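[1] here is a sequence together with a model predicted from it:
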Amino acid sequence: MERSDPRYQAYVKILKEELIPAMGCTEPIALAYAAARAREVLGALPESVQLQVSGSIIKNVKSVIVPNTGHLKGMEAAVAAGIIAGSADRELEVISEVSEDKKAAIRDYLQTVPISIQHIEQGHVFDIIVTERSGDSYAKVRIADFHTNICLIEKNGRVLYEKPLLNEETRRDSRADRSLLNMKDIWDFAETADLQDVADLLERQIRYNNAIAEEGLLGDYGANIGRVLLSTYGNDVSIRAKAKAAAGSDARMNGCELPVIINSGSGNQGITCSVPLIEYAKELHSGKEKLYRALIISNLVAIHEKTGIGTLSAYCGAVSAGAGAGAGIVYLCGDGYQAAIHTVVNALAIVSGIVCDGAKASCAAKIASSVDAALLGYNMYKCHQEFKGGDGIVMKDIETTIKGIGRLGKDGMKETNEEIIRLMIE
C-alpha cells in the first residue's frame, strides 16, 4: 500500500487514535476524569456529589479496584480519587500520580462526603454525569459515547461548554474512517508500512503492556490466572502467551498502578492484542521489525471487529482482541494471509458466546480462553481443518463473518446486556 493512498493515512490515524495510554480500567478512570474536571470548575472541595451513570458504566466499574487509591473499589472510589488527587489535563492518566497523603485523603473523603449514584438511560450506552456541590455552588460535567468525550460543563446554571452529542454516523465521521478497514488491506498495510509512521506507538505498547504482564506474574492480583496456567500446564510458548496476557489483566483489574496502552477503548483488549505477540516474538527471535508488523495486524484486526460491535456490549471484547492476536501470531510464524483469515474465523466461531459481565478478575480467564481459541484456530488451519460458511455464525467469507459478529454483539446482545446489568445491581 502506497503512503499516498487514503487508506494508508487512515490506518496510521486509527492506530494513533486507538493506542493511547490509560491507567487502570478505563471506565472508572473516565469517572475520575469527569470528577476531576468538575472539581476544577467548582473551584472548591465538593461537599456532596451526585453521580448519574448508564448501566454499562455500572457493569464495568462495580467490581474493579481503582489504582492509586490503596485498593479501594467501585464508582465512589473512582469519583473520590478524581476529586482529591486527579489532574484532569492528563485525561485517562488522571490519577497516575497520587501521594500517600492523597490516598489517605481519598479514604477520609469517602467516609465524610455523601456520594449518591443514580442509574440513568438516556440513549447512550456510555454515559456519565457528575454533579458536585459546595455551599450554593455546583458544577456539572457529562462524558458520553467514549471515555474522554466531555460534552457538557455547567456551573451554577450557566453552560460553560457544550457540544452536541452526535449520532453514530456523524460520530464516525469525526474520526478516521474505520469503514476502510478490511482484512486484505490490513495485511497489505502491515507488510508495506513505513514503520517510522507507527514505531513509537508500537514500541510504547510493547513497553507498557509487557511491564504490567510481568508485574501480574510477580504480584498477587485477582485470581492469579497467569500463575495458575504456568503451574498447571507448563512453560511452552503457547501457555506463556496466554499466561502473560491473563496476568496483565489480573494486575490491571486489581489495582496495579502501571499504565497500559489500550485498544478499542479497553486496556484488556490492548493487553490481549499485544502481550501474546511479544511472547511469540521472543520465542521465535523475530526481531523488532517483524513484531511491529505483527502488532499492526493484531491491533487493526481487533479494531475492525470491534467497530461493528461498539464500545460497550454484552459481547466480550477479549474475543475480538484474541482473534486479532491470532492473526498477528500467524504473521510472526511466517504464514500468510489465508492462514490469518482462517485463524480469525475459527477463533470467532469457537468463543463468540463469551459474555461481558463487567470488568473484574474473571476477565483474565476470558482473555486466556480467547487467545487459546485463536491458537486452536491457527492449528486447525495447519491441519487443513476449518469451520465453513453456514456453520452457525460463520458466513461465506471473512468480511461477512466479521460483519455478522458486529450485528450479534451490538443488536443481538442488547437485551442480554440489559439482563446482565439487572443481575449485577439487584
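    Now that the structure is in, tell me what you want to look at. Numbers count the residues shown, from 1 in each chain.

[2] can you give me the neighbour number for H285?
    H285 has 7 neighbours, counted by other C-beta atoms under 10 Å. Every C-beta, even on glycine, is put in place using the N, C-alpha and C of the backbone.

[3] same question, the one 4 residues further on
    The number of residues packed around E289, counting by other C-beta under 10 Å, is 10.

[4] name the nearest residue to it, ignoring sequence neighbours.
    Distance criterion C-beta to C-beta, 6 or more residues apart in numbering; nearest residue to E289, sequence neighbours excluded, is L195 at 6.5 Å.

[5] residue ranges with poor pLDDT in the stretch 51-200 of the chain?
    166-174 (pLDDT under 70).

[6] show me the strands in it, by range?
    115-119, 127-134, 137-144, 150-155, 158-162 (DSSP state E, counting those that start in this stretch).

[7] what's near enough to touch S56?
    Counting by C-beta atoms under 8 Å, 6 or more residues apart in numbering, S56 makes contact with V125, F126, L312, N417, I421.

[8] hmm, 7 Å instead?
    V125, F126, L312, N417 (C-beta atoms under 7 Å, 6 or more residues apart in numbering).

[9] compute the number of surrounding residues for K16.
    14.

[10] tell me how far it lies from I296.
    From K16 over to I296 the distance is 12 Å, taken as C-beta to C-beta, to the nearest Å.

[11] and if you look at G219?
    The spacing between G219 and I296, counted by C-beta to C-beta, is 31 Å.

[12] go on, A105?
    From A105 over to I296 the distance is 43 Å, taken as C-beta to C-beta.

[13] quick check: E18 vs K102, distance?
    31 Å.

[14] neighbour count winner among those two?
    Just comparing E18 and K102: by other C-beta under 10 Å the higher neighbour count belongs to E18, 25 against 18.

[15] and the more buried one, what is it in contact with?
    Per C-beta under 7 Å, 6+ apart, neighbours of E18: N263, S264, N299, I303.

[16] nearest to A340, of those residues?
    Closest to A340 out of the contacts of E18 is N299 (13.7 Å), distances taken as C-beta to C-beta.

[17] quick one, phi/psi of the residue nearest in space to the middle of the chain?
    Nearest to the geometric centre of the chain sits S266, at 0.7 Å (C-alpha atoms, centre = their mean). Note on S266: backbone dihedrals following degrees, to the nearest 10 are phi -130, psi 130.

[18] wait, it touches C316, no?
    No - here S266 does not reach C316: they are 10.4 Å apart, not a contact under C-beta atoms under 7 Å.

[19] max-length helix in the chain?
    In the chain, taking DSSP state H as the definition, the longest helix is helix 288-309.

[20] now it: mean pLDDT?
    Per-residue pLDDT values over helix 288-309 give a mean of 97.

[21] returning to that earlier point: and the two most separated of the contacts of E18?
    Taking C-beta to C-beta, no two of these sit farther apart than S264 and N299, at 9.1 Å.

[22] who has more neighbours, the two?
    Legend: neighbour count by other C-beta under 10 Å for S264 and N299, higher for N299 (33 against 23).

[23] how close does the more buried one sit to I84?
    From N299 across to I84, the span is 35 Å (C-beta to C-beta).

[24] just put the contacts of S56 in JSON lines and tack on neighbour count and distance to E214.
    Supplementary listing: the contacts of S56 in JSON lines, determined by neighbours: other C-beta atoms under 10 Å; distance: C-beta to C-beta, whole Å:
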{"residue": "V125", "neighbour count": "18", "distance to E214": "34"}
{"residue": "F126", "neighbour count": "21", "distance to E214": "31"}
{"residue": "L312", "neighbour count": "22", "distance to E214": "29"}
{"residue": "N417", "neighbour count": "22", "distance to E214": "34"}
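
[25] out of those, which are inside helices?
    When DSSP H defines the helices, the subset of those inside them is N417.

[26] make a markdown table out of the contacts of S56 and add distance to K382.
    Below are those laid out as a markdown table (distance: C-beta to C-beta, whole Å):
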| residue | distance to K382 |
| --- | --- |
| V125 | 39 |
| F126 | 40 |
| L312 | 35 |
| N417 | 36 |
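
[27] quick check: the farthest pair among the contacts of S56?
    Using C-beta to C-beta, the two most remote members of the contacts of S56 are F126 and N417, lying 12.2 Å apart.

[28] and the helices in the stretch 251-400 of the chain, which stretches?
    Secondary structure of the stretch 251-400 of the chain, counting by DSSP state H, counting those that start in this stretch: helices at 267-284, 288-309, 317-332, 337-351, 363-382, 398-407.

[29] now do the stretch 101-250 of the chain
    Under DSSP H, counting those that start in this stretch, the stretch 101-250 of the chain gives helices at 168-173, 183-192, 199-218, 225-233, 237-253.

[30] deepest in the core, which of those is it.
    helix 237-253 (a mean of 28; mean count of other C-beta atoms under 10 Å).

[31] is it true that Y233 touches K242?
    No - counting by C-beta under 7 Å, Y233 does not reach K242; the two are 8.6 Å apart.

[32] could you measure from the closest residue in space to A44 that isn't next to it in sequence over to E40?
    In this structure, A44 finds its nearest non-sequential neighbour in S134, 4.1 Å apart by C-beta to C-beta, 6+ apart. According to C-beta to C-beta, S134 stands 13 Å off from E40.

[33] coming back round to it: switch the strands of the stretch 51-200 of the chain over to a markdown table; also include distance to I341 and mean neighbour count.
    Below are the strands of the stretch 51-200 of the chain laid out as a markdown table (distance: least, C-beta to C-beta, whole Å; neighbours: other C-beta atoms under 10 Å):
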| stretch | distance to I341 | mean neighbour count |
| --- | --- | --- |
| strand 115-119 | 41 | 14 |
| strand 127-134 | 36 | 22 |
| strand 137-144 | 35 | 22 |
| strand 150-155 | 38 | 18 |
| strand 158-162 | 44 | 11 |
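
[34] right, I'll call it a day here.
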